[in-house]
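Colleague: Provided below are the primary sequence and the corresponding predicted coordinates.
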Amino acid sequence: MSTTVTIGPLYRADAERCAELEELLFGGDDPWSPQAFRDAVTSGQLYLAARAGSELVGYAGLAVVAGPPQAEAEIHTIGVDPAWQGYGIGRALLAKLIDAADQLHATVFLEVRTDNVPARTLYESCGFTVVGLRKRYYRPSGADAHTMRRDRATP
């Protein structure tokens, strides 16, 4: 694609588009509603948007769940419009989340469907390892999830 994609804050006004993408990407697994995105954006956690011009083409969120000295963070969501996948947008969003976690020297956790090979490959390439299995984690599909962890950056 020749359009420049920028990463910046996700806004409450983006909630409808995020929910539209959630349905497209995760329709069989209880996708987030517009209200869930509005709540997430105002939660004080880090939620980012990827924009091609004025069009929102991706989103991501990170929550800090424990502070120093044993800081931990969770990646809540990453989604990229299928028409924009394969251009490094998911990787760019993930990099920004990891940078924020690294600032806190936080260990980062996430869950990913066991059959989502592209996402697992991305996470593994960024230092995540599988540390557990959550049977029937996703609803209503009943799909399993791997819990993955990326160790904290050393100061």
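Modeller: Cool, got the structure. Numbers count the residues shown, from 1 in each chain.
Colleague: residues near Glu111, how many?
Modeller: 17 (other CB atoms under 10 Å). Bear in mind the C-beta positions are built from the backbone N, C-alpha and C, glycine included.
Colleague: so it, which of the three states?
Modeller: Put simply, Glu111 is strand when judged by DSSP: H, G, I helix; E, B strand; the rest coil.
Colleague: pairing partners for the nearest residue to it once chain neighbours are set aside in the sheet, please.
Modeller: Closest residue in space to Glu111, ignoring its immediate chain neighbours: Ala145 at 4.2 Å, by CB to CB, 6 or more residues apart in numbering. Listed beta-bridge partners, Ala145: Arg113, Arg134 (assigned using DSSP bridges).
Colleague: quick one, what contacts Ala145?
Modeller: Glu111, Val112, Arg113, Thr114, Leu133, Arg134, Tyr137, Tyr138 (CB atoms under 8 Å, 6 or more residues apart in numbering).
Colleague: 7 Å - rerun?
Modeller: Ala145 is in contact with Glu111, Val112, Arg113, Thr114, Arg134, Tyr137, Tyr138, counting by CB atoms under 7 Å, 6 or more residues apart in numbering.
Colleague: Val117 too?
Modeller: Neighbours of Val117 in contact, by CB under 7 Å, 6+ apart: none.
Colleague: show me what the top strand by length along the chain is packed up against.
Modeller: For the chain, the strand that runs over the most residues, judged by DSSP state E, is strand 55-66. Helices and strands touching strand 55-66, as assessed by 3 or more CB pairs under 7 Å, 6 or more residues apart in numbering; DSSP states H and E, comprise strand 46-52, strand 72-80, helix 89-103.
Colleague: average model confidence for it?
Modeller: Strand 55-66 comes out with an average pLDDT of 96.
Colleague: that one pairs with which strands, and in what direction?
Modeller: The strands beside strand 55-66 in its sheet (DSSP bridges) come out as strand 46-52 (antiparallel), strand 72-80 (antiparallel).
Colleague: what's the mean pLDDT across the first one?
Modeller: pLDDT averaged over strand 46-52 equals 98, rounded to a whole number.
Colleague: which residues are in contact with the residue lying closest to Ala36 once chain neighbours are set aside?
Modeller: What sits nearest to Ala36 in space, not counting adjacent residues and going by CB to CB, 6+ apart, is Ala19, at 7.7 Å. Residues near Ala19 by CB under 7 Å, 6+ apart: Pro31, Trp32, Ser33, Pro34, Phe37.
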